[in-house]
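Undergrad: sequence? don't have it. structure:
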């Protein structure tokens with residue numbers, strides 16, 4: 001079993017070493033085409049993927065066949081990718097564009113946005129479904145700041 005875990009760790013290390021780092025943040029020029037609510041929806045979709053991935057990892061735990069190990073690697077990669085997408089969206093978009101010191105509730109907004117980053121980081125590092133679900137709740141905690149425009 002130790003050998004299987006070691007091989008799994010080596011595979012993951014190799015995958016992450018060659019994965020390209022892509023940022024899909026919008027420019028930081030106030031061009032007026034932002035859709036804040038759509039970004040919240042996108043982060044909730046990312047978080048749903050993280051929840052599903054954590055669940056799939058739990059189902060695959062203990063299976064040592066090659067296909068199961070392959071699927072575990074794929075779920076880990078996807079879980080981490082989607083958690084990172086949330087982190088990037090908060091850091092590169094909301095914290096640079098939407099959370100402003102001039103807002104009366106600046107400190108509260110900052111705390112809630114930071115809570116999303118921390119929840120995403122924890123969900124990225126963990127395979128616990130509860131950590132993934134906490135990410136969903138943290139995103140819902142900022143959703144009220146960005147209602148759908150109607």
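TA: All right, it came through fine. It should be emphasised that the depicted structure is a prediction, and the values quoted were computed from it without experimental measurement.
Undergrad: in which helix or strand would I find residue 47?
TA: helix 36-60 (DSSP states H and E).
Undergrad: list the contacts for residue 54?
TA: By CB atoms under 8 Å, 6 or more residues apart in numbering, the contact set of residue 54 is 79, 123, 126-129, 131-132. All C-beta atoms are positioned from the backbone trio N, CA, C, and that covers glycine.
Undergrad: closest to residue 96 among those?
TA: residue 123 (22.3 Å; CB to CB).
Undergrad: which element follows the strand or helix carrying the closest one toward the C-terminus?
TA: Using DSSP H and E, the element containing residue 123 is helix 106-125. Later in the chain than helix 106-125, the nearest helix or strand by DSSP H and E is helix 129-143.
Undergrad: neighbouring contacts of that following helix?
TA: For helix 129-143, the surrounding residues in contact (CB under 8 Å, 6+ apart) are 37, 40, 43-44, 47-48, 50-51, 53-55, 58, 79, 83, 86, 94, 109, 112-113, 115-116, 118-120, 122-123, 126.
Undergrad: For that helix, buried residues please.
TA: 129, 131-136, 138-139, 142-143 (16 or more other CB atoms under 10 Å).
Undergrad: From those residues, pick the one nearest residue 102.
TA: Once CB to CB is applied, the member of those that ends up nearest residue 102 is residue 142, at 17.9 Å.
Undergrad: about what we covered before: could you check the angle the helix holding residue 47 makes with helix 129-143?
TA: Interaxial angle, helix 36-60 versus helix 129-143 (axes from the mean of the first three to the mean of the last three CA atoms, to 10 degrees): 170 degrees.
Undergrad: Would you reformat the contacts of residue 54 as TSV and include pLDDT and distance to residue 104?
TA: Converted to TSV, these look like this (pLDDT from 0 to 100; distance: CB to CB, whole Å):
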residue	pLDDT	distance to residue 104
79	98	37
123	98	31
126	96	35
127	95	40
128	97	36
129	97	37
131	98	32
132	98	33
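Undergrad: Could I get those in CSV, plus columns for distance to residue 63?
TA: Converted to CSV, the contacts of residue 54 look like this (distance: CB to CB, whole Å):
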residue, distance to residue 63
79, 17
123, 22
126, 20
127, 14
128, 18
129, 18
131, 22
132, 20
